[in-house]
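> Sequence plus predicted model, see below.
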Amino acid sequence: MIWQFNPYAIPVLLGAFVSVLTAVFVWRRGGSQVIISLVILLSAVEWLSAYALELLLVSLKAKIFWNQMQYIGGTILASGMLVLALQSMGKKRWLTWRNLFWVNLIPIIGLLFIFTNKFHSLVWPEHFLITEDGYIWLDHPHGIVYWIYVAYIQLLILVTILLMVWTVFQSQPYYRRQASMILLGLLIPFTVSLVEFAGVKILRPLNLIQMSYVLAIIPIIWGLMRLQIGDLIPVARAAVFDGIDDCVIVLDRLYRIIDANASARALFQSRYKDVISKSINDVWPTGSFTQELGFPDVSLMRLDVNRPEPDAPFREIGKEIVLGDEDHLRTYDMRISPLTDWQGDVMSHVIVMRDVTERVHTERVLQKINEQLTYELGERRRAESKIKESLTEKEILLKEIHHRVKNNLQVVSSMLSLQSSYATDKESLSIFQDSQNRVRSMALIHEKLYQSGNLAQIDFHDYVLNLIEYLTRSYQASGVEIKVAGRPIFFEVDTAVSCGLILNELVSNAFKHAFPGNRPGRIDITLQQESPTRVCLEVADNGVGLPPDLDIQTSPSLGLQLVNTLVNQLDGTIQVEQSNGVQFLITCPIKASALS
């Protein structure tokens, strides 16, 4: 890479260096417009640096490349100044991504043509090197796309200038100085570019547009350093102060109005010039502003000091006030804040009044609704209390019924036990024992319900464990191992009684017939949920099995007849399999609410 010394690059590099320092200053100080300020400064750094490299490099390829790079910074700089102008006018709502895209569409397309010029030559038909004053320069004629691109960029700058002119005339004096610095910084390169495009050749082949920016940054830097452009946005007064819906009034230390926005003037029904410099008491709707708020009488204040008497309010005051006639009363939330100087002396007061009539009305309506709901809630709680008392009484009564049914069944079981002692043959004794077990299985249901907190359902898994324990003792089947598998499933009373009797018959038959001669064996009981509305009860043993010619549907056995009858009552099915013993598989529907 071959370099040359070019003295014209010195001011360009100096301008880029100063822009970098200013960007650092803006970044460290912060402010409401720090982002756009940095974008403008850094794009200027890129623009100037690329031009300086074009001046310092010798080869045609390098000069073309850095010449193209200049247009990136120049495009961003023009768009950034437009954004800054719109922010200064208070038109941030216009700065949407969609609007920014359409505004920058033509420059973006122009950049694509610039960086692909070697394929179409629509921006520059050719590039060549020339020597002037002993230095090598890049020169080229311009194509149609170049003039469209440049014309659009100039249009953006012109729109920005017009916006800043409008801001200068509409802003307050302090903001006007800020806008003037930005406007001056825009006018310098814009004017030079118009001269260049008019065909006036000055210091050719030097690009005076970039050189003019070195002069343009002087007022912009002055504005950033001294006038704090980026901290305070020069927005037109009507867009902020007069645009506030709240009433804003500024008083001096003698309670004279020194400013009032449009909402406050509408409250006073007066024009701006009719309220300025007047006492707040003269325009206040009730005529007694200071008296209502406890402000000291102005006539008693010493006028030769910087603050009112010590009893004057120096703290923020907040209260609700009602203004208007009887037919149009409005409620305002008023805040009065003192403004002090650097010594802490009160200079003025700012009054901010927000119309809260609708809010107050809504609060009153909500208060009435709340009172009504509180009353209804109290009535509902009293009704619920009575219902709970009634339910408690009914639960006690139902428990007592289950207790008495269980006791009566226990009496029947005891009577059968006593009667069985008079039986002289094994068949009669077996009949009494079977009947006693059936009664006990039903009594156990009511015992569980009496002990449970839920009088409508019973944990059938827990019931099975208790029933098996009882039957094992009853048949003295200590040599038979019993396994109960499954999880807690809750049955209603009717279903639990039927399933309990079925289980009683099947387990009793296994104890009596499956293991003759007190031979050891095993009984497996499985209770599981087959589907959300069906359960399956399986009783299997590894005993001798059923006789080959036995049909359980037509069996003369009272126990099997009872099992078939109860399964039919439950709308269930029963299957019997004989393989290494016998297996009964009973499936029946059950209400979903009964499942745990």
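Here it is on my side, so go on.
> what mean pLDDT would you report for stretch 23-35?
Mean pLDDT, stretch 23-35: 70.
> Kindly report the same for stretch 318-330.
Stretch 318-330 comes out at a mean pLDDT of 79.
> ditto for stretch 482-490
Taken as a whole, stretch 482-490 carries a mean pLDDT of 85.
> mind listing what's buried in it?
Within stretch 482-490, the residues that count as buried by 16 or more other CB atoms under 10 Å are 482, 486, 489-490. Where C-beta positions appear, they are placed from N, C-alpha and C, glycine not excepted.
> swap in stretch 62-75?
62-64, 66-75.
> before we move on, what about stretch 578-589?
581-584, 586-588.
> ditto for stretch 357-364
Buried residues in stretch 357-364 (16+ other CB under 10 Å): residue 360.
> same question, stretch 250-266
250-251, 253, 255-257, 259-265.
> Same list (those) but as a markdown table, adding distance to residue 164 and secondary structure.
Below are the buried residues of stretch 250-266 laid out as a markdown table (distance: CB to CB, whole Å; DSSP: H, G, I helix; E, B strand; the rest coil):
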| residue | distance to residue 164 | secondary structure |
| --- | --- | --- |
| 250 | 28 | strand |
| 251 | 34 | strand |
| 253 | 37 | coil |
| 255 | 39 | coil |
| 256 | 36 | strand |
| 257 | 33 | strand |
| 259 | 26 | strand |
| 260 | 29 | strand |
| 261 | 25 | coil |
| 262 | 26 | helix |
| 263 | 29 | helix |
| 264 | 31 | helix |
| 265 | 30 | helix |
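> which two in these are spaced the farthest apart?
Greatest spacing in the buried residues of stretch 250-266, by CB to CB: 253 and 262 (24.8 Å).
> Starting from the helix or strand hosting residue 500, tell me the next helix or strand along the chain.
Following DSSP states H and E, one finds residue 500 within helix 493-509. Next helix or strand after helix 493-509 toward the C-terminus (DSSP H and E): strand 521-531.
> Show me what that next one is packed against.
helix 460-475, strand 480-486, helix 493-509, strand 534-541 (3 or more CB pairs under 8 Å, 6 or more residues apart in numbering; DSSP states H and E).
> which residues of the stretch 1-150 of the chain fall in helices?
Per DSSP state H, counting those that start in this stretch, the stretch 1-150 of the chain carries helices over the ranges 9-29, 34-56, 60-88, 97-103, 105-115, 117-120, 144-170.
> still on that earlier bit, just curious, which of the buried residues of stretch 482-490 is nearest to residue 353?
residue 490 (66.1 Å).
> wait, doesn't the closest one sit right on residue 462?
No: applying CB atoms under 8 Å, one finds residue 490 not in contact with residue 462, separated by 9.9 Å.
> Quick one: residues contacting residue 331.
320-322, 355-357, 360 (CB atoms under 8 Å, 6 or more residues apart in numbering).
> Put the buried members of the residues you listed into a PyMOL selection.
Entered in PyMOL, the line below selects the buried ones among these, by 16+ other CB under 10 Å:
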select buried, resi 355+356+360
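> got the buried residues of stretch 62-75 as TSV, with pLDDT columns?
Output for the buried residues of stretch 62-75, formatted as TSV (pLDDT from 0 to 100):
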residue	pLDDT
62	91
63	88
64	91
66	91
67	89
68	91
69	93
70	88
71	89
72	92
73	88
74	85
75	90
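> Out of the buried residues of stretch 578-589, flag the one nearest to residue 41.
For the buried residues of stretch 578-589, the nearest to residue 41 is residue 587 (83.2 Å; CB to CB).
> Phi, psi for that closest one please.
phi -120, psi 130 (degrees, to the nearest 10).
> Looking at strand pairing, list the partners for it.
Taking DSSP bridges as the rule, residue 587 bridges to residue 536, residue 573.
> for the buried residues of stretch 250-266, which one is nearest residue 541?
Closest to residue 541, out of all of the buried residues of stretch 250-266 and judged by CB to CB, is residue 263, at 93.3 Å.
> ok, the residue lying closest to that closest one once chain neighbours are set aside - contacts?
Nearest residue to residue 263 in three dimensions, chain neighbours excluded: residue 247, at 4.5 Å (CB to CB, 6 or more residues apart in numbering). Going by CB under 8 Å, 6+ apart, residue 247 touches 260-261, 263-264, 267, 332, 351-355.
> Tabulate the buried residues of stretch 62-75 (CSV), appending distance to residue 127.
As requested, the buried residues of stretch 62-75 are exported to CSV (distance: CB to CB, whole Å):
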residue, distance to residue 127
62, 11
63, 8
64, 5
66, 12
67, 8
68, 10
69, 14
70, 14
71, 15
72, 18
73, 20
74, 18
75, 20
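> between the residues you listed, which is nearest residue 9?
Nearest member of the buried residues of stretch 62-75 to residue 9, counting by CB to CB, is residue 66, at 11.4 Å.
> coming back round to it: tilt between the helix holding residue 500 and strand 480-486?
Counting by axes from the mean of the first three to the mean of the last three CA atoms, to 10 degrees, helix 493-509 points 150 degrees away from the direction of strand 480-486.
> Could you list every helix and strand in contact with helix 493-509?
Packing contacts for helix 493-509, counted by 3+ CB pairs under 8 Å, 6+ apart, involve helix 426-451, strand 457-459, helix 460-475, strand 521-531, strand 534-541, helix 558-569, strand 582-589.
> pLDDT averaged over it - what is it?
Mean predicted lDDT for helix 493-509 stands at 81.
> residue ranges of the helices in the stretch 251-400 of the chain, please?
Under DSSP H, counting those that start in this stretch, the stretch 251-400 of the chain gives helices at 262-268, 272-275, 280-283, 289-293, 357-420.
> Can you mark which positions in stretch 327-341 are buried?
So, applying 16+ other CB under 10 Å, buried residues of stretch 327-341: 330-334, 336, 338.
> returning to that earlier point: nearest to residue 532 among the buried residues of stretch 482-490?
residue 489 (12.0 Å).
> doesn't residue 529 make contact with that closest one?
Yes: Residue 489 is within contact range of residue 529, at 6.4 Å (criterion: CB under 8 Å).
> tell me the angle of the helix holding residue 500 relative to strand 534-541?
Orientation check (the same axes, to 10 degrees): helix 493-509 against strand 534-541 gives 20 degrees.
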